[in-house]
Each structure stands twice: as structure tokens, then as C-alpha cells.
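Student: I'd like to go over a predicted model; first the sequence, then the structure.
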Amino acid sequence: MSRSEGPHRGFLPIGNPFKMMMPKTSHLPSTFLTTFEKNLAKRFQQLKPNHPNDVITFSWMKSALSSICDTLDDVRKLIVDLELPICSWDIKWVDMYLDNSLNLLDFCSAFGTDIVRQRFGYVMLKCALLDLDSDNPQKLMKASSSLHEWRQYHNSYHNSKLQDCCDVISKLEQTLNLPKIKNIPKAKDLVRAMYGLKVQTMFIFSTFVAAFSTFPRVLVELQVPKLYLWQESFTELQVVVNGEIKNVYSSNGVSPLMELRRIEENVKKLYPLLHEGLGDVKDEDFKSYCSELMENNEKFLIGLDEIKSEMDRFFKVVVSGRMALLDNFQQQPPRSGVQQVRM
């Protein structure tokens, strides 16, 4: 499927573009939707860190991605519980679902590419550490050069796919306005649940982009109406996470991701010693710095692999949902008549 690409934009515009177009008619949510929103509220509560230093870690990122998978599964269950067959869907709902899920797949692709880039950074440090485990002056000079290259590589984003991730989030932003729904309660419940999924996805994806960034980005800051049962827990989570990310950004050239910050601190200690000499630093302290860098680099790789594995699971969940919809779509086309299905 070909998709038209808009002009390159910043992460998100200043202000609050997330105003909803809610129907003027009042509607009480069904028991199924109430359960969905209570589950979403619990997920936001569980993601709220107990301590600011827990933002952002690989463990938190893994839990966040898992929570989106759970919400996707809840949306699927909601469709079944509402007994809202595809034949009763308006075509714009199908378009909305397919377009949104395609954006999620695009994010998986772009972020997965940047994970590969981060793995290359791990290899660079691994090579530097092998040279550091030597008394040969030439190898120590080579190690110094490798650390310098890592710092440049880490702070350079000409090969990064993070901007592509930002573009995906911007596309999701453009779909946050809810479509006008006729007086069909079940349809309103479905669209309301989709709104919750998009808010959750946009917020979490924006933190993922921030995790590997060493320069400030405009974070997603949503103002959700109080009518949603998950509004309070989401707002509390957003304040804590975004607040800590901004605090980290106030330190130049530092990534919000805790595991990456530790490596940055190790390199910051080691590089001047190799470049200018040990000076007053004892040999055992120097070896301790090297050992600490090696340990943190290995932990970084483990965390990176865990996020990649969870991202693969997320990808499969999204694809599975699309295929289930399209299978039903072929058996009982939605209203308005569709000539072509977009894959």
C-alpha cells in the first residue's frame, strides 16, 4: 500500500491540539466499556514509578509496551462483548482502525531500526574495553579513539530513525479527534475505547523516543477530559514521567534512559584519563572504572534485547488484530461499500 508522506515536522506543536469532537447527545458507557476503562486506569497506575530515578529504565519500557499489548487485547475483547459485527461498522471506523494500526507498525519498524543502531554502540564500547585490558600504549590510544567515536556516534542522529518515530506520533495525533457517531451506543463505546488506546500509545511511544535522545524534544502532553475513568491515573503518570524527563534534559548531552546514562557517566570518567593520563587516579581505580563500564554495557545489551523482544510481540499483536478484522471484513463487509482493502 502506498501512503502519502507529509512534510517533516517537529515532534508535536505547542499547545493542546487534542480536543475531542464528542457527540452532543449524552451517552452512558456500557458495562463492557466501564470494565475496559477501569483496566486502563490500573495500567496507568502500575506504570507510575515509585521513585523519579525509575524513569526511564528498560524495565519500565518493557512494562509500558506490555501494557499497550494488553489494551489492544482488551479492545478486541470489547468488540466481541459489544456484539458489534463488522457489517454494522461504518467504513470510516474500519479506515480508522487500519490506519491507526498501520501507524503502530510503522513505529515498530522505525524504532526497531534505532535499536540496531544502539547495538552498534554496544559493539564499539566492547572493542574499546578489549583494548583497555592491556598495558600496550598503542592499544590504549586505540581505546581512547573508540570512546571518542562512541561519544560522537551517540550524540549524532544523522543515521537515527527517531525522527521517523516522531512523525508516526504526529500522525496519531491527527487522528485523535473522534469521528462523529450517529446514535449507536455500541459504536460510541468502541470509538471511546480507541481514543484511550491512542492516548496510551502516543504517550508511551513519546517516552521511547526520549529514551535514546540526548537533546530535548517536545513531549506529548495530553489533557484528557474527566469523563474518562482513567483520566486521573493517566494525568498523574504523565506529570511524573514527563517531569523527570525534562529534569534529565536540563543536563546537556544526557539521555533520559537510566541504563544509557550510567554508560555515559562511565565514559565521561574514562575518556579524559586515556587522553590526558591517569594523573592522581590510582591504577586500581582506573581498573574499577573499566569494570564498571563493562558491567553497564552488558546490562544495556540485555535490556536492549528485552525491549526488542517485547517490540516483536507488540508487532505480532497488531498484525493479528488487523488480520482478524480483515477476515471478518471479507465475510461481512461494513456499510457504505468498500472497493479496496488497504493492507
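Tutor: Great, that's in hand. Numbering: from 1, shown residues only.
Student: Once you drop chain neighbours, what's closest to Asp164?
Tutor: What sits nearest to Asp164 in space, not counting adjacent residues and going by C-beta to C-beta, 6 or more residues apart in numbering, is Ala110, at 3.9 Å. (C-beta placed from N, C-alpha, C; glycine too.)
Student: name the element that neighbour belongs to?
Tutor: Secondary structure assignment for Ala110, by DSSP states H and E: helix 91-132.
Student: Report the angle between whichever helix or strand comes after that helix and helix 91-132.
Tutor: Tracing the chain C-terminally past helix 91-132 and defining elements by DSSP H and E, one meets helix 137-155 next. Calculated by axes from the mean of the first three to the mean of the last three C-alpha atoms, to 10 degrees, helix 137-155 forms an angle of 160 degrees with helix 91-132.
Student: where does the stretch 1-150 of the chain dip in pLDDT?
Tutor: In the prediction, the stretch 1-150 of the chain carries residues with pLDDT under 70 at positions 1-29, 84-90.
Student: nope, the stretch 201-343 of the chain is what I was after
Tutor: Regions of the stretch 201-343 of the chain meeting the criterion pLDDT under 70 cover residues 252-253, 276-281, 328-343.
Student: That one: helices as residue ranges?
Tutor: If you assign secondary structure with DSSP state H, counting those that start in this stretch, the helices in the stretch 201-343 of the chain sit at 231-249, 258-276, 283-331.
Student: With Asp114 as the reference, name the closest of those.
Tutor: Comparing the helices of the stretch 201-343 of the chain against Asp114 with C-beta to C-beta, the closest turns out to be helix 283-331 (10.4 Å).
Student: counting contacts, what elements does the helix holding Ala110 pack onto?
Tutor: Using 3 or more C-beta pairs under 8 Å, 6 or more residues apart in numbering; DSSP states H and E as the contact criterion, the neighbours of helix 91-132 among helices and strands are helix 137-155, helix 162-173, helix 185-211, helix 258-276, helix 283-331.
Student: re the thing from before, Asn103 is nearest to which of the helices of the stretch 201-343 of the chain?
Tutor: When these are ranked by distance to Asn103, counting by C-beta to C-beta, first place goes to helix 283-331 at 9.7 Å.
Student: rewinding a little: what about the residue nearest to Asp164, how many residues nearby?
Tutor: By the criterion of other C-beta atoms under 10 Å, Ala110 has 20 neighbours.
Student: list the contacts for it?
Tutor: The neighbours of Ala110, taking C-beta atoms under 8 Å, 6 or more residues apart in numbering as the test, are Lys161, Leu162, Asp164, Cys165, Val168.
Student: The second one contacts Arg117, doesn't it?
Tutor: No - in this structure Leu162 lies outside contact range of Arg117 using C-beta atoms under 8 Å: 9.3 Å.
Student: what's around Ser309, how many residues?
Tutor: Residues lying near Ser309 (other C-beta under 10 Å) number 12.
Student: re the thing from before, how far off centre is the helix holding Ala110?
Tutor: 10 Å (C-alpha atoms, centre = their mean, to the nearest Å).
Student: could you give the angle of it to helix 185-211?
Tutor: With the same axes, to 10 degrees as the criterion, the two stretches helix 91-132 and helix 185-211 enclose an angle of 20 degrees.
Student: mind putting the helices and strands packed on helix 91-132 in a markdown table, distance to Leu104 included?
Tutor: Compiled in a markdown table, the helices and strands packed on helix 91-132 are given as follows (distance: least, C-beta to C-beta, whole Å):
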| stretch | distance to Leu104 |
| --- | --- |
| helix 137-155 | 27 |
| helix 162-173 | 8 |
| helix 185-211 | 7 |
| helix 258-276 | 24 |
| helix 283-331 | 5 |
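Student: Go through those helices and pick out the most buried.
Tutor: Per-residue neighbour counts averaged over each of these give the maximum for helix 185-211, namely a mean of 22 (mean count of other C-beta atoms under 10 Å).
Student: if we can go back for a sec, possible to save the helices of the stretch 201-343 of the chain as JSON lines with distance to Ala193?
Tutor: Listed next are the helices of the stretch 201-343 of the chain as JSON lines, based on distance: least, C-beta to C-beta, whole Å:
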{"stretch": "helix 231-249", "distance to Ala193": "14"}
{"stretch": "helix 258-276", "distance to Ala193": "33"}
{"stretch": "helix 283-331", "distance to Ala193": "13"}
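Student: Out of the ones you listed, flag the one nearest Leu172.
Tutor: For the helices of the stretch 201-343 of the chain, proximity to Leu172 was assessed by C-beta to C-beta; helix 283-331 is nearest, at 13.0 Å.
Student: I'd like to check the angle between that closest one and helix 91-132, please.
Tutor: Computed by the same axes, to 10 degrees, the angle between helix 283-331 and helix 91-132 is 160 degrees.
Student: quick check, distance from helix 283-331 to the centre of its chain.
Tutor: Its chain's average C-alpha position is 11 Å from that of helix 283-331, according to C-alpha atoms, centre = their mean.
Student: If you count contacts, what does it end up packed against?
Tutor: The contact analysis (3+ C-beta pairs under 8 Å, 6+ apart) places helix 283-331 against helix 58-82, helix 91-132, helix 258-276.
Student: With distance to Leu227 as new columns, can those helices be given to me in JSON lines?
Tutor: Supplementary listing: these in JSON lines, determined by distance: least, C-beta to C-beta, whole Å:
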{"stretch": "helix 58-82", "distance to Leu227": "17"}
{"stretch": "helix 91-132", "distance to Leu227": "20"}
{"stretch": "helix 258-276", "distance to Leu227": "35"}
